[in-house]
Each structure stands twice: as structure tokens, then as C-alpha cells.
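# output the structure for:
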Amino acid sequence: MKDPRIEVLAKNLIQYSVQLQPGEKILIENFGLQQELVTALVKEAYAAGGHPFVSLKDHTVDRSLLMGANEEQYEMMAHFEANVMSQMDAYIGLRSGENISEQSDVPDEKMKIHGNTIGKKVHREIRVPKTKWVVLRYPNASMAQLAKMSTEAFEDFYFNVCNLDYAKMDDAMDALVNLMNKTDKVRLTGEGTDLTFSIKDIPAVKCAGRLNIPDGEVYSAPVKDSVNGTISYNTPSPYHGFTFENVKLTFKDGKIVEATANDTDRINKIFDTDEGARFVGEFAIGVNPYIQHPMQDILFDEKIDGSFHFTPGECYEDAYNGNHSNIHWDMVMIQRSEYGSGEIYFDDVLIRKDGKFVLSDLEGLNPENLK
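The predicted structure follows:
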């Protein structure tokens, strides 16, 4: 029997997230072959008067391609996919898989080939700036295991998170956007963390269900050379199939000058990808009331209630700080009391303590007001 929540999710994605209009073309790209949601999305796209196109992919097959990848081959693949993407008005990326470590043994130089071709020429240069897009995961037993939940309980959690009232969240975010747009100096504190930087004149952007599902963050970016201090991330952070833990970064004038983790050599190789990899492209505050704990899936973890993420690598065009890189690595710190507490200050004024907003204008973003 079909889960009716799938149809609700498909309707929300087509009508709210990408706001598909009659005559518009939409690419539905699915890693993991989740036919039920793909089929529901196709039906909703037709119902909206749109023209759906579907691309079905598989992580295991993708790994086999990457293991023998060469630049000429991937340039041709990027040219093909860019031609398709350039004709689309909207994009829904559905990601699922049984093994988050499927690409853990792909050599770094092969991953760089993918990043420099398909990652850059299809997604960063076309999909992100030129289409209405949303990316999401789909629940399975592997995700439930990472979340330390039963499959049924995780599915209930997933649909609560993905089908919440994002329009209400969107309205509540306006006060935080306005405050960030007036802010110069930011200070982040917590266990092993004391970091300062400026966000002056860099726009704040709210994310309430139109780019990611689940959603729930407001992002900006630090002035590129303004970051100083140390941050100790307290959530596991998967990257290219390897899960990093106990990541600690020290910054001087914007640049990561020291990085340690459970595999210090490996993390420094990532930060040596290119010049921009040691600078930060995003600072974002997470507010999703249903996401309380990390589950090694960044689309969920970066939205954790009472968290922020501080992202080495590429910046976004709509929160531009001039940093460019082939990486964009969202790493998360939770500041709620059970994770060691922490504070956020804007221009020396405390705005959030231990994961709860303390200014009256921002209280609408506390979890009891968003559920």
C-alpha cells in the first residue's frame, strides 16, 4: 500500500519548493532508484502543467565509473549533462543509498576530476544559479541505522521533518535575516571554540524548503580574510565516503593554518585541494525543530536545532565573499547544552545561548514556535 505521505511530499516539492509553472521543464534526478517518490513527482509535475524529465543513477555504478575516470571522459560527460541542465527551468535531486561509504576508496585525484567537470560545469555553473532547485534524501534502513532508530520510527521522523509548515518557518526567518544584514562582527563560542569574523555587507539568505528538504537555515559568509580563532566541531562529518570526527580548525586572517581530526593527514589533503579550500565560503544557523541529533547526513545535520555550520570552500553567489574552491564542506557544531553549550554574538550582543534565541524578535525561530 502506498504511503500517502509520499504524495504530500511530492506535492510540496513541486508546488512550494520549485513552484513549477505551466510549460516549465523539470529534471528529476534520482540516485538510488526510489521509484515511488519519482513516480509521484512525475504525476505532480504533469498536474502543474510542467514537462518532467527523469535521470536514474546508482551510487555503485557511479563508483565503478569514478575508479577508472579520466579527464577527457568526464569532460564529455559534463558537456552532455550541462546541455540537458541548461534547458531545464527546475531541478529536483533525490539522493538515497544503502552505503554512505560507497565512494570511500575512490582516489582523491579521481574525485577531483568529477568536481572539476560535472560538479563545476553542471551543478555550480548551471543548476545552482540558473534553475529553481531542491535536493533531498529518501528514507531507508541505512539512514535509520545512522540515526540509531528503527526503520519505521525513522520514516515517521523523516516525514515530520520534510512535511512541516515551511511557509511558517519562512516568515519567522525574516527577523534573523534583517539582523544579520545589519551585523558586522560575529563571535561563536563553545567547548574548544572561540571564533570571530565579519559578515559586513554580505547578504543573509533564508532557506525554508525551497533549496533543500529538510530545510531550516539562514546563511551568509564571512568576509574572506576576517576569520580568526579556533573551532572544534562536535558532530561526525562524512566527506567522500570517510567519516571525520573530532575536527578542530585554527584560523588566522581567514585561512585554516592548522587542522586536526581522527585522520589528520587525510583532512589536510582535502584542504590542500586548491587555494580556496582553506578559506570559508559559508556561515549558517540551523533551526529545524524536528532535527535534534546528527545522523551523518549533511542535508539533515546542517539544519539541526541549535546548531551552526561553518563551511570551508566555495561560497554561494547570493552570499558572495570571493572564495572559490572545488570543495564546499558543511561541518556542524551544535550549541545546545547536551552538546557542550555555546553562544552566538552579533556585534557583541548575545543572540543565541545554548541553542535558544534570546532576543524577542528571534524567539519565533525557537523549536516550540516552529512545530
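# so residue 117 sits in a helix?
Yes - per DSSP: H, G, I helix; E, B strand; the rest coil, residue 117 lies within a helix segment.
# wait, it sits on residue 77?
Yes - between residue 117 and residue 77 there is a contact under CB atoms under 8 Å: 6.8 Å. Bear in mind the C-beta positions are built from the backbone N, C-alpha and C, glycine included.
# then whichever strand or helix holds residue 54 to CSV, C-alphas only?
Residue 54 belongs to strand 51-57 when elements are defined using DSSP states H and E. C-alpha atoms of strand 51-57 as CSV (Å, rounded to 0.1, in the frame of the first residue of the first chain):
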residue,chain,number,x,y,z
HIS,A,51,7.3,18.8,-18.5
PRO,A,52,9.2,16.3,-16.4
PHE,A,53,12.4,14.6,-17.4
VAL,A,54,13.9,11.8,-15.3
SER,A,55,17.5,10.7,-14.8
LEU,A,56,18.1,7.5,-12.8
LYS,A,57,21.5,6.8,-11.3
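# paired strands for that strand, with orientation please.
Here strand 51-57 is paired, per DSSP bridges, with strand 25-31 (parallel).
# next one: the partner strand to chain centre, how far?
With CA atoms, centre = their mean, to the nearest Å as the basis, strand 25-31 stands 18 Å off its chain's centre.
# what residues does it touch?
With CB atoms under 8 Å, 6 or more residues apart in numbering as the test, strand 25-31 has contacts from 14, 18, 20, 37-38, 41-42, 45, 50-59, 62, 84-85, 87-97.
# which SS state does the spatially most central residue of the chain fall under?
Nearest to the mean C-alpha position of the chain, by CA atoms, centre = their mean, lies residue 299 at 4.7 Å. Three-state assignment for residue 299 (three-state DSSP): helix.
# and it, how far is that from residue 22?
29 Å (CB to CB, to the nearest Å).
# isn't residue 358 right up against residue 352?
Yes - here residue 358 reaches residue 352: they are 6.5 Å apart, a contact under CB under 8 Å.
# which of these two has more residues huddled nearby?
residue 352 (24 against 15; other CB atoms under 10 Å).
# so that one is in which element?
Counting by DSSP H and E, residue 352 is part of strand 349-353.
# repeat for residue 103
Going by DSSP H and E, residue 103 is not part of any helix or strand.
# what's the pLDDT at the residue lying closest to it once chain neighbours are set aside?
Nearest-residue entry for residue 103: residue 241, 4.1 Å, with adjacent residues in sequence omitted and distances by CB to CB, 6 or more residues apart in numbering. Turning to residue 241, the model gives it a pLDDT of 80.
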